[in-house]
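> Just to be clear, the model below is a prediction. Sequence and coordinates:
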Amino acid sequence: MTNALEVSDLHVTIAGSHVLQGVSIEVPVGGVTALLGRNGVGKTTTLRALLGLVASTGAISVLGTDVRGWSTHRIVRLGVGYVPEDRDVFAGLTVAENLRLAEQVDEPRYDDVYAIFPELRERTRQRAGTLSGGQQQMVSIARALLNGWPLLLVDEPSKGLAPRLVSELADALERVATLATVLLVEQNLAVVRRLAQRIVVLDHGEVVHTGDARELHDPDLAKRFLGVTGVR
Amino acid sequence: MNVFLALTFSGVALGAVYFLAASGLSLIYGLMDILNFAHGLFMTLGAYAAWDVASHLPASWGAPLLFVIALVASILGGALAAGLTEVLIIRPLYGRPIGQILVTIGLDLAVVGLLLGGFGSNSLSVPVPLWLIEATHVGGLSLPNSDFVALVAGVVVLVSLELFLRKTRYGITIRAGVENRDMVSALGINVGRAFTLVFVIGGAMAGLAGLLYAVVFSGDLISPTQGDSLLIFAFIVVVIGGLGSIRGSAVAALLVGLVQDYTNFYLGSHPGMAEIGNLSVVLLLALVLEWRPRGLFGSTL
C-alpha cells in the first residue's frame, strides 16, 4: 500500500446541489497532505464523503480497502481518526467520557495523547461544553489520536482560535503528523506551509491543482486558487 | 393540611408512572429523532403480558408472588415488543424519520385493533395481592399502598437509568448520540446497536408503566386503549422536560402529576369541571413553552 487514501471520481449531491463533481485525490502514506480551496468548494464534504457521513458515488479506497457503500463506523474502524470542523466534542460529557467513547482498541494511547496535550490530564472531570475553544480542539484531536490509527482526517483545526493558540495548535499537529498520515483541511496558510508536504486544491467541486506544498510560496498560485493575497 | 399532603403523595405517585411512560419516549426522540407513537402500545402490551401470565399461573402460588411475576412480565413484554418494533419495522426505514413516525402510528392502530378483536373492549382485571388495595396510615394520613409501589418503581428506575447513562459505555454512547449521532459513528461506534438498546430500555419502562397505571389509577383494570391515553401525557411530560433529557422527564413528570392531582381535587368536583385536571396539564405545557421553548432541561431541538 503506497497510498493511505485513494479517491476517484467522487460525486456528492446535497439537497439538489452538485457539491462534488468528480473529485480524485491520492494521499500517500506518511506526512501531511493539505486540502485547500475557498469557502464552500467542498472540502468538508469531501472528508464527510470519505467517512460515509454523506452519500456519494465514485471509488474510495481507505488504507488499501475498497469502502464503497460501507457504514461510517466500519470505515473508521479500518483505522481512521476524524477531527471534524467545529470540533464537535460532546458538550454534556466530561473530557474523560469523550475520550472513553473514542476508545476502539484494547490499549488506547493515553500516553501519546497526554504527551501532546498535558492540559487534558488535569481536566478529565470537566464537562467538555465548559472548555475553551482551544481546549475543545485538544479533546477533538485527542479522540482521533487515541487509537494510534494510521490515518487522520483533520478539518480546519485553527478555525475560531486566537492567533497565539493557532501556533500552539500547529506545534501539536506537527507532533501528531509524526504518528499518522494526515489529510488536513485548513484555511490558515501559515499553518499549511508549516505542516504540509503536499497540497490538493479544490474549486467548484473539482480538483484544480495537485502539487508540492512549497508552491504555496508562489503568490500567484495562492491568489488564483485560494483567493488570498499577501502570502509571504 | 392532611388532604393536601395526601394529594401531594398521590400526585407524586402519578408523576412516577408518567416518568416511566415518558423517559423512554424522550430517549428515543433524543437519539433517533423518532416521535414514537407506538410507545403507548408498549405500555398496553406490557400490561397485557402481565395479565396473561398472572391469570394463567396457578392461584396456589399466592397473590404476592404472582404480582411480582406480573411486574417482571410487564417489563419483559414491553421490552420485547419495543425491541421487535425497532429491528423489524423502524430499522428498514433508517434515515427516513417521517416514515418511521408514520409506521409507529400505523403499528399502534393495527395492534390495538388486534387486541380489541382478541380480548374484546371490556377491561380485564389483573390479579393483585390484597395489601396492594389497602392503605398505610402515616401520621394521620391514609396512603394507598399501590402509590408506594409506583413511587418505589419510579425512584428505582430513575436511579438505575442515571447510573446506566453515566457509568456504562453504552450509556455514554446514548448520551453522546443524543447530542450528535454522526460524530458517534465517526468515532467507530455502531449507533444502530444503541438504537435497539434505547428502544428495549424504553419499552421495558413503558411496559412497567402500563401495569402500574392500571394498578394505581384504574382499579387493576387494563384495556387495549389505555396506553394511548397515557401516551398523550407522556408526550406532554417529554416536551415540558426537554427532549432527550432524563432528569427533565423526571421533574416534568412530577410537575404534571402534582398539577393534575391538585386541580382534579380542588376544581374537578364543580359542575362541568370534570376534565379540568387534563386541561390544567395542557395549560402548564403552554406556560412552560412560553417561558422555555425547549423545555425545562432541553438544550437542543
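Received the coordinates, thanks. Numbers count the residues shown, from 1 in each chain, chains lettered A, B, ... in the order given.
> any weak-confidence spans in the chain?
In the absence of a named chain, chain A is used. Scanning chain A for pLDDT under 70 picks out the ranges A:1, A:224-225, A:227-232.
> was after chain B, sorry
B:299-301.
> can you list the residues of it near chain A?
Applying C-beta under 8 Å from any C-beta of the partner chain, we find that chain B lies next to chain A at B:169, B:172-173, B:175-176, B:179-180, B:182-191, B:299. From N, CA and C alone the C-beta is placed, and that goes for glycine too.
> Which of those are buried, as a ChimeraX select command?
To isolate the buried subset of the residues of chain B next to chain A in ChimeraX, counting by 16 or more other C-beta atoms under 10 Å in any protein chain shown, use the following:
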select /B:172,173,175,176,179,180,182,183,184,185,186,187,188,189,191,299
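> which ones among the residues of chain B next to chain A are found in helices?
Cross-referencing the residues of chain B next to chain A against helices under DSSP state H gives B:Arg169, B:Ile172, B:Thr173, B:Arg175, B:Ala176, B:Glu179, B:Asp182, B:Met183, B:Val184, B:Ser185, B:Val191.
> helix or strand for the residue nearest to B:Ile90 when sequence neighbours are not counted, which one?
Leaving out its chain neighbours, the residue that sits closest to B:Ile90 by C-beta to C-beta, 6 or more residues apart in numbering or on different chains is B:Gln100, at 5.4 Å. Using DSSP states H and E, B:Gln100 maps to helix B:97-119.
> hang on, the earlier thing: residue contacts, the residue nearest to B:Ile90?
B:Met32, B:Ile34, B:Ile90, B:Leu93 (C-beta atoms under 8 Å, 6 or more residues apart in numbering or on different chains).
> so A:Val19 touches A:Gly205, yeah?
Yes: if you go by C-beta atoms under 8 Å, A:Val19 and A:Gly205 touch, sitting 5.7 Å apart.
> Name the nearest residue to B:Ala274, sequence neighbours excluded.
B:Gly268 is the one closest to B:Ala274 (C-beta to C-beta, 6+ apart), at 6.0 Å.
> so how far is the first residue of stretch A:171-181 from its last?
By C-alpha to C-alpha, to the nearest Å, the extent of stretch A:171-181 from end to end equals 16 Å.
> Would it be right to say that A:His18 lies in a strand?
Yes: applying DSSP: H, G, I helix; E, B strand; the rest coil, one finds A:His18 inside a strand.
> Nearest residue to the middle of chain A?
A:Val154 (1.3 Å; C-alpha atoms, centre = their mean).
> tell me which element that residue falls in.
Counting by DSSP H and E, A:Val154 is part of strand A:151-155.
> so how far is whichever helix or strand comes after that strand off the chain centroid?
In the C-terminal direction, the helix or strand that comes right after strand A:151-155 (DSSP H and E) is helix A:163-176. Helix A:163-176 sits 14 Å away from the centroid of its parent chain (C-alpha atoms, centre = their mean, to the nearest Å).
> who does helix A:163-176 touch, helix- and strand-wise?
helix A:110-116, helix A:133-145, strand A:181-185, helix A:189-195 (3 or more C-beta pairs under 8 Å, 6 or more residues apart in numbering or on different chains; DSSP states H and E).
> Buried residues, that helix. List them.
Counting neighbours by 16+ other C-beta under 10 Å, helix A:163-176 gives A:Leu165, A:Val166, A:Leu169, A:Ala170, A:Ala172, A:Leu173, A:Val176 as buried.
> With respect to chain B, which of those is nearest?
A:Val176 (17.0 Å; C-beta to the nearest C-beta).
> shouldn't that closest one be in contact with A:Trp149?
No: assessed by C-beta under 8 Å, A:Val176 is found out of contact with A:Trp149, at 11.3 Å.
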